[in-house]
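Engineer: Please work out how this folds:
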Amino acid sequence: MTVANASNSPVLERFAIGFQWPTVDPFLFCVHHLDDYPAGNGALGPAASLDGRTLGQDFAGTDGWRMYHGDHVPGFPQHPHRGFETVTFVRRGLVDHSDSLGAAARYGRGDVQWLTAGAGIVHSETFPLLDTEGPNTLELFQIWMNLPAADKMTTPHFSMLWHDQIPVAHHTDADGRVAEITVVAGVLDGLVPPSPPPSSWASQPHSDVAIWHVRLDAGASWTMPAASGPGTIRVAYVFDGQGVVFDGDPVAVGNGAVLACEHGVVVASDGGAEVLVLQGRPIGEPVAQYGPFVMNDRAGIEQAYADYRRTQFGGWPWPSDEPTHGHEQARFARRPDGTVERPVADTAGESLRSATPV
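Structural biologist: Modelled structure (predicted):
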């Protein structure tokens, strides 16, 4: 990271972003997945040759898409987690979730799944390619957020934040140029998103956690409000479009910035841009991370591995390591008790945005 030169700039630090983005406590990890999958093969995998791909570890991005750890369907077959949360915000495409509690979900097209791994869960995330006639573009953010020591062994829990429940703020200027802010977490303009899981750091009233997706038309601007109090850290990732200026200090696309947030900051873009904002007050505890486990010390990591070897965190109740949920477009979440939840409206439209805002 490089410290900004202008003493009056809200840009405190800047850095390049690649596949995995640098994050600051309470966030641990953030990846922007954008895969231009081809037509499906009728079995929810790609209708394309997999020759030359390192199946089980395909992250090369050949032809603009990856199989990740999947062998037949792209995605991440069963794997364990303990001690933190995953927030999966799917902009385009669909994700099939299955877990060791017996829960399942198909979500996407603007939905968010917020999963508290807590004491331990095994889950899979597969990306079913339902359209056999055309492309199956997938775009999502996966964000890992830490849990404080007091909540690392909480009961696993997931919340579905369906697209129609997630508020969106619109700011339109006199020339009709729009700044659109999707409010996944954190109150904005009086808009309150669905609650995160009960043991989440984001559920603590003093945490000041916010997850905002900002889309600016060419020439549009928006004043990002001040944080609610001291100690909050705000990071903005300019991941698409033509770059952004923060109170006049430019940050090019493909870069991120740590922003001062004790006062409002004008965010503008001459050519249009998209920005992901992650903010929160740090948990401020030691972090020990190894693979899929995040604890406070090495002893906690060793215990996590020992517990997983002994219990498999409840075992895997699915016939496949990479289960999918059929060929229907409908989104749903089925809880461990068998109750089924669906979004109020389920639209078949794939695209929530153009590839590059203009």
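
Engineer: Quick one: residues contacting G108.
Structural biologist: G108 sits next to V90, R92, G93, L94, V95, L140, R331 when contact means Cβ atoms under 8 Å, 6 or more residues apart in numbering. (C-beta placed from N, C-alpha, C; glycine too.)

Engineer: closest to P317 among those?
Structural biologist: V95 (19.0 Å; Cβ to Cβ).

Engineer: contacts for the helix or strand containing the closest one?
Structural biologist: V95 is part of strand 94-99 when elements are defined by DSSP states H and E. Contacts to strand 94-99, defined as Cβ under 8 Å, 6+ apart, come from residues 75, 78, 88, 103-109, 113, 121-128, 130, 138, 140, 156, 158, 318, 323-325, 331.

Engineer: Just the ones in strands from the residues you listed, please.
Structural biologist: 75, 78, 88, 104-108, 113, 121-126, 138, 140, 158 (DSSP state E).

Engineer: Whichever of the residues you listed end up buried, select them in PyMOL.
Structural biologist: To isolate the buried members of these in PyMOL, using 16 or more other Cβ atoms under 10 Å:
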select buried, resi 75+78+88+104+105+106+107+108+113+121+122+123+124+125+126+138+140+158
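
Engineer: Using the three-state scheme, assign the nearest residue to H171 once chain neighbours are set aside.
Structural biologist: Of all residues not flanking H171 in the chain, A179 sits nearest, at 4.4 Å (Cβ to Cβ, 6 or more residues apart in numbering). Three-state assignment for A179 (DSSP: H, G, I helix; E, B strand; the rest coil): strand.

Engineer: and the gap between A179 and I301?
Structural biologist: To I301, A179 is 43 Å away according to Cβ to Cβ, to the nearest Å.

Engineer: And for G45?
Structural biologist: 35 Å.

Engineer: which strand residues sit across from the residue nearest to F84 when sequence neighbours are not counted in the sheet?
Structural biologist: Spatial nearest neighbour of F84, excluding adjacent residues (Cβ to Cβ, 6+ apart): V294 at 4.2 Å. Beta-bridge partners for V294, by DSSP bridges, are Q289.

Engineer: Surely V294 is in contact with R82?
Structural biologist: Yes: the pair V294 and R82 qualifies as a contact (Cβ atoms under 8 Å) at a distance of 7.4 Å.

Engineer: between these two, what contacts are shared?
Structural biologist: Contacts common to V294 and R82, judged by Cβ under 8 Å, 6+ apart, are K152.

Engineer: Tell me how many other residues crowd D240.
Structural biologist: 21 (other Cβ atoms under 10 Å).

Engineer: Name the nearest residue to it, sequence neighbours excluded.
Structural biologist: Per Cβ to Cβ, 6+ apart, closest to D240 is E274, 4.1 Å.

Engineer: Could you look up the SS state of that neighbour?
Structural biologist: Applying three-state DSSP: E274 is strand.

Engineer: Verify the contact between it and R215 for me.
Structural biologist: Yes: the pair E274 and R215 passes the contact test of Cβ under 8 Å, sitting 5.2 Å apart.

Engineer: okay, and for the stretch 201-350 of the chain, where does confidence drop off?
Structural biologist: For the stretch 201-350 of the chain, residues meeting the criterion pLDDT under 70 lie at 345-350.

Engineer: Going along the chain, name the strands of it.
Structural biologist: Secondary structure of the stretch 201-350 of the chain (DSSP state E, counting those that start in this stretch): strands at 210-216, 221-224, 233-241, 244-246, 249-251, 255-259, 265-268, 273-280, 288-290, 293-295, 332-334, 340-341.

Engineer: How many residues are close by the residue nearest to F84?
Structural biologist: 25.

Engineer: Likewise for L278?
Structural biologist: 27.

Engineer: what's it in contact with, if anything?
Structural biologist: L278 neighbours (Cβ under 8 Å, 6+ apart): T23, V24, F27, C30, I143, A210, I211, R234, V235, Y237.

Engineer: separation between the last one and I143?
Structural biologist: If I follow you right, that is Y237. 11 Å.

Engineer: any common contacting residues for those two?
Structural biologist: C30, L278.

Engineer: on that earlier part again, now the contacts of L278: which count as buried?
Structural biologist: T23, F27, C30, I143, A210, I211, R234, V235, Y237.

Engineer: those helices in this structure, which residues are they?
Structural biologist: 298-311 (DSSP state H).

Engineer: and G40, bridged to which residues?
Structural biologist: With DSSP bridges as the rule, G40 is bridged to P46.
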